[in-house]
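K.L.:
Build the 3D model from these lines:
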Amino acid sequence: MKLLSFKKNGYSGPGILRDSGVFPLRQLGFDDSVSFIAAGPQERQRVEKLVISASPRELLPLETVKLTAPIPRPSKLLCIGLNYRDHAIESKMELPSVPTVFAKYTNAVIGPGEPIVLPSTTQKPDYEAEFAVVIGKRAKRVSRDNWRDCVFGYTIVNDVSARDVQLATSQWTLGKSFDTFAPIGPHIVTVDEVPDPHTLDISLSIAGETLQHSNTRELIFGVPQLIEYISTFLTLEPGDIVSTGTPAGVGLGRTPPRWLRAGEEVVIEIEKIGILRNPVVAEQGNREQHPPQQ
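P.N.:
Here you go, the predicted structure:
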């Protein structure tokens with residue numbers, strides 16, 4: 001099952017993707033995607049049967065709706081730094097002995113097709129293709145053997161980063177949380193459709209050039225370890241997102257560095273999950289070619 005959020009004619013809410021149509025969930029009492037996630041697996045199975053049996057007239061044609069971030073305002077958007085061996089090496093940082101966990105604020109969240117806005121306050125905006133886990137229930141101190149019990153599904157995150165701001169101090173939060181710097185989507189694929197999340201190809205391209213290409217088998221800390229580690233310290237809630245890190249190929253690691261530029265489109269594809277596309281634009285009033293490549 002693929003859970004999404006959308007807008008159409010003033011309506012906004014969650015839906016289920018079936019073929020090329022969207023089954024709206026508000027008619028079943030779900031005002032947002034988190035309420036559906038929190039309803040649990042039995043309710044999910046009931047809804048799935050309704051979606052499968054729905055007639056074509058009960059579906060909205062996909063091309064008539066505007067997709068938004070599947071979870072527009074997650075209560076937590078947790079990210080993992082340096083979690084692909086090759087990315088840690090290109091960043092000239094030591095391999096971590098425990099996961100490097102940081103957060104992005106929800107003002108950064110945008111959906112598929114929405115623009116990544118480059119403000120004048122960074123000259124080094126970078127891209128990061130990431131495979132992300134969506135939490136399905138309240139969970140604390142989860143054993144790595146039971147990780148799947150608390151996962152709803154998977155999605156794609158672009159952990160856009162202002163490298164000059166991020167690396168100005170030891171704290172990454174500001175450089176990771178600019179407005180629009182967390183594209184998420186296009187939907188959430190439920191856990192049952194991805195038997196093993198550690199065998200998925202992941203790639204990022206701009207203007208037809210592949211800049212990142214790897215596989216989730218290269219994760220230093222896999223999904224079970226991440227959930228066990230994070231839930232040791234804080235309670236995970238339905239709709240929380242854990243973005244598992246990015247592989248090598250980011251702009252910072254290239255010679256010369258390759259920063260995002262207005263007019264480009266960033267395309268991330270993850271096997272079994274989908275494709276996330278976002279255009280890049282300059283902030284209004286910031287019309288210069290942005291940023292210079294150096």
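K.L.:
any chance you could map the strands in the stretch 101-250 of the chain?
P.N.:
Assigned by DSSP state E, counting those that start in this stretch, the stretch 101-250 of the chain shows strands spanning 109-110, 116-118, 125-126, 129-135, 151-158, 161-162, 182-190, 201-206, 209-215, 241-243.
K.L.:
Report all helices and strands that the fourth one contacts.
P.N.:
With contacts defined as 3 or more CB pairs under 8 Å, 6 or more residues apart in numbering; DSSP states H and E, the secondary structure elements packing on strand 129-135 are strand 151-158, strand 201-206, helix 223-233, strand 241-243, strand 265-270. Backbone N, C-alpha and C define where each C-beta goes, glycine included.
K.L.:
Now with 7 Å, please.
P.N.:
Secondary-structure packing of strand 129-135 (3 or more CB pairs under 7 Å, 6 or more residues apart in numbering; DSSP states H and E): strand 151-158, strand 201-206, strand 241-243.
K.L.:
What separation is there between E114 and F178?
P.N.:
Distance from E114 to F178, counting by CB to CB, to the nearest Å: 14 Å.
K.L.:
Could I get the strands of the stretch 101-250 of the chain in CSV, plus columns for mean pLDDT, mean neighbour count and distance to F221?
P.N.:
Shown next, in CSV, are the strands of the stretch 101-250 of the chain (pLDDT from 0 to 100; neighbours: other CB atoms under 10 Å; distance: least, CB to CB, whole Å):
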stretch, mean pLDDT, mean neighbour count, distance to F221
strand 109-110, 99, 24, 24
strand 116-118, 99, 24, 27
strand 125-126, 99, 25, 22
strand 129-135, 99, 27, 12
strand 151-158, 99, 26, 15
strand 161-162, 99, 27, 20
strand 182-190, 99, 27, 21
strand 201-206, 98, 19, 16
strand 209-215, 98, 17, 15
strand 241-243, 99, 26, 11
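K.L.:
follow-up on the earlier one: is it possible to export the helices and strands packed on strand 129-135 to a markdown table including distance to E228?
P.N.:
Output for these, formatted as a markdown table (distance: least, CB to CB, whole Å):
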| stretch | distance to E228 |
| --- | --- |
| strand 151-158 | 12 |
| strand 201-206 | 22 |
| strand 241-243 | 12 |
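K.L.:
Which one, of those strands, ends up nearest to R217?
P.N.:
R217 sits nearest to strand 201-206 of all these, at 9.7 Å, using CB to CB.
K.L.:
Looking at E128 now. What's its pLDDT?
P.N.:
With respect to pLDDT, E128 has a value of 98.
K.L.:
Quick check: beta-bridge partners of C79?
P.N.:
Counting by DSSP bridges, C79 is bridged to F102, S243.
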